[in-house]
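S.K.: give me the fold of what follows.
(chains A and B)
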Number of protein chains: 2
Amino acid sequence: MTYSYQELRKYILDVCKTMGCSVEDADITSDVLLAAELRNISSHGVSRLNDYVKLWKSGRINSKPNINIVHETLSTAVMDGDSGLGMVVGKSAMNIAISKAKTAGTGWVSVRNSNHFGIAGYYAMLAIEHDMIGIAMTNANPLVAPTFSVDRLLGTNPIAVAIPAGKYPPFVADFATTPIARGKLDLMHKKGEKAPIGYVQDKDGFPNTDPNILTQGGAIVPLGGDYLHGSHKGYCLASIVDIFSAIFSGANFGPFVPPSVAFLPVLDNQPGIGTGHFFGAMRIDAFQKADDFKAQMDLWIQTFKMAKTDSEHEKIIIPGEPEREWESIRMKEGIPVLDKVVDDLNQIADELKIKQL
Amino acid sequence: MTYSYQELRKYILDVCKTMGCSVEDADITSDVLLAAELRNISSHGVSRLNDYVKLWKSGRINSKPNINIVHETLSTAVMDGDSGLGMVVGKSAMNIAISKAKTAGTGWVSVRNSNHFGIAGYYAMLAIEHDMIGIAMTNANPLVAPTFSVDRLLGTNPIAVAIPAGKYPPFVADFATTPIARGKLDLMHKKGEKAPIGYVQDKDGFPNTDPNILTQGGAIVPLGGDYLHGSHKGYCLASIVDIFSAIFSGANFGPFVPPSVAFLPVLDNQPGIGTGHFFGAMRIDAFQKADDFKAQMDLWIQTFKMAKTDSEHEKIIIPGEPEREWESIRMKEGIPVLDKVVDDLNQIADELKIKQL
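M.R.: All right, here's what the predicted structure looks like:
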């Protein structure tokens, strides 16, 4: 089924309000989930509401969080998300990073006691309208084995960086620190496809092509694939995201990050509180005059756009470009939602006694 | 030939002094080059002196730079390296980042008009003794083709992050944003070996196994290898390093970064000044009490050390561990230097009228 932005938005707002969210928090949640849908990252879109509602019902998500700053300096803060929806906590923390950057040049916020926050790129892009570079990362439940290991110690820990330009749209990188995200493996499994070598390993650490291997003790490999091709670099990246998100803030790290689905239990004896995020905002005029910076970024983008492609491709991708193209298509033509997801969402609607999609 | 740390140090100091460096700047240069040798990254060690001397002779390296701050805020600075040796400029900039972090919680410095600065990890590690996380990155002469391109638009642009722990040594990640560094390709070529698929492409963008393909219009691929395995993520990473190092500072970006060897000319009509770097320092107690942070980092490291390995490996690598093991071996047993490199260094000695190695 295909729905308009407004149809999906109304549904999300209804769900959030029924959970007890404020109008403002419902708005934020809808914004973030629909940004994912519009940008063709539906693994982080409305389908997640199902888990959020279940986590709320089981008391693991607090729909009326008292998000507060635990510690701060001129350019830094640690925040406690009070088990709130990750979107609400995330936007609040990114706003603190932006506000710190206004006075100190840069702002850096590490967050504990949060939940799944959707697409990292959303928060990074909030900095753009303030003429700042935005950075967002989060740890996530463990699915990734470090190089040489068979244990799942890290999440797919994404990094997003949004950089303003002048006449061109901003540069927006937003990527998991693995060759692929979990959602794509699930899709391959549903379609009966094999995963390419270099995505996952089996429970003994050997390369495997079963996209469903995670249910049999397997793991996703870090970006790079194997040691010969630099998987230790992907392992470093995922570790840095984990440490900035959790050790700075007092959230759970690595294998202790709580699952973002309700059917998996939270581990006992956790070393931290909830899921962790890390946000940064850097005022471009803390380095260069904003106009000069943007003119150079335009030159950077133009240089890359004009580079010679290989024979199989017509253009070089500028990070953020494909997602922006999807946005304008989906605002016009609507947002496709899988039948299975529609069924789930309508079941939630019935349970919460709100209007079906 | 194998030399002691002191023998190599004396030689480097002699070269630097003859070039006109101050005692302090000679010390810094020797420190950084020998840190690379000790850590088994000899591609960034004494062999580089040959190029530095030639660049100095041709006026592209200034041995008496007036390194200055061009612009600053509480937590940021842009510095101009006045064409100095990259080591001297780099350490000076990292010290400013550390000093900003002392008052603002974090410090971020982007640098223009610098040169090849050796190993990024050296600068990141300077933060450790101040109970700070250190970050260092640099752009570099273009050898890497973005995903779908055949043009070399980016350097191997490394990222280093050093994180203090308590009873364990620090976590030190230091990696090029490509599957391998250029130095390793050269070594394969010298040994007559083939490069594995997934390192380089030919001039038309097809996978190739000739480690010498860079001399025939080929390129190194970004971390990830190909689009299917996430090379667009490696391309994003290298781009972010380039933008932070060059667009923030006014250095040359991407394809315009000047070569770090004297036999290749500097391009006309450059959009910036020299090579760019980016440094960061984050006080750990700007987020958590330092002791609590270190105790959690110890737990992080212990968790990863104790993880189950695959059948082919005995331990999981903690980033920085292999390099530290090399350091203690080479301090005891000496530093091996290739005959070809010794010949080059002795030729420099004769030209500069100093004592041979």
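
S.K.: could you check how far the nearest residue in space to residue A:331 that is not next to it in sequence is from chain B?
M.R.: Spatially, and ignoring its direct neighbours in sequence, residue A:331 is nearest to residue A:5 (6.1 Å; CB to CB, 6 or more residues apart in numbering or on different chains). (C-beta placed from N, C-alpha, C; glycine too.) Distance check for residue A:5 against chain B: by CB to the nearest CB, to the nearest Å, it reads 27 Å.

S.K.: which ones are touching residue A:5?
M.R.: A:34, A:38, A:330, A:331, A:334, A:335 (CB atoms under 8 Å, 6 or more residues apart in numbering or on different chains).

S.K.: buried only: go through those for me.
M.R.: A:34, A:38, A:330, A:335 (16 or more other CB atoms under 10 Å in any protein chain shown).

S.K.: please identify which of these is nearest to residue B:220.
M.R.: residue A:38 (34.8 Å; CB to CB).

S.K.: spit out the contact partners of the closest one.
M.R.: When contacts are counted by CB under 8 Å, 6+ apart, residue A:38 touches A:5, A:326, A:327, A:330, A:331, A:335.

S.K.: repeat that for 7 Å
M.R.: Listed by CB atoms under 7 Å, 6 or more residues apart in numbering or on different chains, the contact set of residue A:38 reads A:326, A:327, A:330, A:331, A:335.

S.K.: same question for stretch A:306-315: list its buried residues.
M.R.: A:307, A:309, A:310.

S.K.: please disregard the earlier target; I meant stretch A:184-196.
M.R.: Result for stretch A:184-196 [16+ other CB under 10 Å]: buried residues A:185, A:187, A:188, A:189, A:195, A:196.

S.K.: do it and chain B come into contact?
M.R.: Yes: counting by CB under 7 Å from any CB of the partner chain, chain B is contacted by stretch A:184-196 at residue A:196.

S.K.: ok, back up a step: near chain B, list only the ones from the buried residues of stretch A:306-315.
M.R.: Within the buried residues of stretch A:306-315, those near chain B by CB under 7 Å from any CB are A:307, A:309, A:310.

S.K.: of those residues, closest to chain B?
M.R.: Of all these, residue A:310 has the smallest distance to chain B: 3.0 Å, by CB to the nearest CB.

S.K.: helix or strand for the closest residue to the closest one other than its chain neighbours, which one?
M.R.: Of all residues not flanking residue A:310 in the chain, residue B:205 sits nearest, at 3.0 Å (CB to CB, 6+ apart). Residue B:205 belongs to no helix or strand when assigned by DSSP states H and E.

S.K.: residue B:150 is in contact with residue B:205, correct?
M.R.: Yes: the pair residue B:205 and residue B:150 passes the contact test of CB atoms under 7 Å, sitting 4.5 Å apart.

S.K.: hey, what's in contact with both of the two?
M.R.: By CB under 7 Å, 6+ apart, the residues touching both residue B:205 and residue B:150 are residue A:310.

S.K.: okay, helices next: where are they in chain A?
M.R.: In chain A, the helices defined using DSSP state H lie at A:5-19, A:23-38, A:49-57, A:86-104, A:120-126, A:182-190, A:231-242, A:290-305, A:321-333, A:339-352.

S.K.: dump those helices to TSV, plus mean pLDDT and distance to residue B:20.
M.R.: Formatted as TSV, these follow (pLDDT from 0 to 100; distance: least, CB to CB, whole Å):
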stretch	mean pLDDT	distance to residue B:20
helix A:5-19	98	65
helix A:23-38	98	56
helix A:49-57	96	65
helix A:86-104	98	39
helix A:120-126	98	45
helix A:182-190	87	57
helix A:231-242	98	38
helix A:290-305	98	33
helix A:321-333	97	48
helix A:339-352	95	69
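
S.K.: from residue A:124, how far out is the residue nearest to residue A:331?
M.R.: 21 Å (CB to CB, to the nearest Å).

S.K.: so stretch A:67-76, near chain B or not?
M.R.: Yes: using CB under 7 Å from any CB, stretch A:67-76 reaches chain B at A:71, A:73, A:74, A:75, A:76.

S.K.: and if you look at stretch A:257-276?
M.R.: Yes: using CB under 7 Å from any CB, stretch A:257-276 reaches chain B at residue A:271.

S.K.: how about low-confidence regions in the stretch 51-200 of chain A?
M.R.: Nowhere does the stretch 51-200 of chain A drop to pLDDT under 70.

S.K.: number of residues surrounding the nearest residue to residue A:214 once chain neighbours are set aside?
M.R.: Using CB to CB, 6+ apart and skipping the chain neighbours, the partner closest in space to residue A:214 is residue A:143 (6.2 Å). Counted with other CB atoms under 10 Å in any protein chain shown, residues neighbouring residue A:143 total 21.

S.K.: same question, the one 10 residues further on
M.R.: A count of neighbours around residue A:153, defined by other CB under 10 Å, yields 26.

S.K.: could you count how many residues lie near the nearest residue to residue A:285 once chain neighbours are set aside?
M.R.: With CB to CB, 6+ apart as the criterion, residue A:285 has its nearest non-adjacent residue at 6.7 Å, and that residue is residue A:131. Using other CB under 10 Å, residue A:131 has 15 other residues around it.

S.K.: shouldn't residue A:131 be in contact with residue A:281?
M.R.: No: between residue A:131 and residue A:281 no contact is recorded; they are 10.4 Å apart, counting by CB under 7 Å.

S.K.: sorry, back to before: out of the contacts of residue A:38, flag the one nearest to chain B.
M.R.: After measuring the contacts of residue A:38 against chain B - CB to the nearest CB - the closest member comes out as residue A:326, at 15.5 Å.

S.K.: nearest residue to that closest one other than its sequence neighbours?
M.R.: residue A:40 (4.0 Å).

S.K.: can you pull the contacts of the nearest residue to residue A:57 once chain neighbours are set aside?
M.R.: Leaving out its chain neighbours, the residue that sits closest to residue A:57 by CB to CB, 6+ apart is residue A:262, at 7.4 Å. For residue A:262, the contacting residues are A:51, A:54, A:55, A:58, A:60, by CB under 7 Å, 6+ apart.
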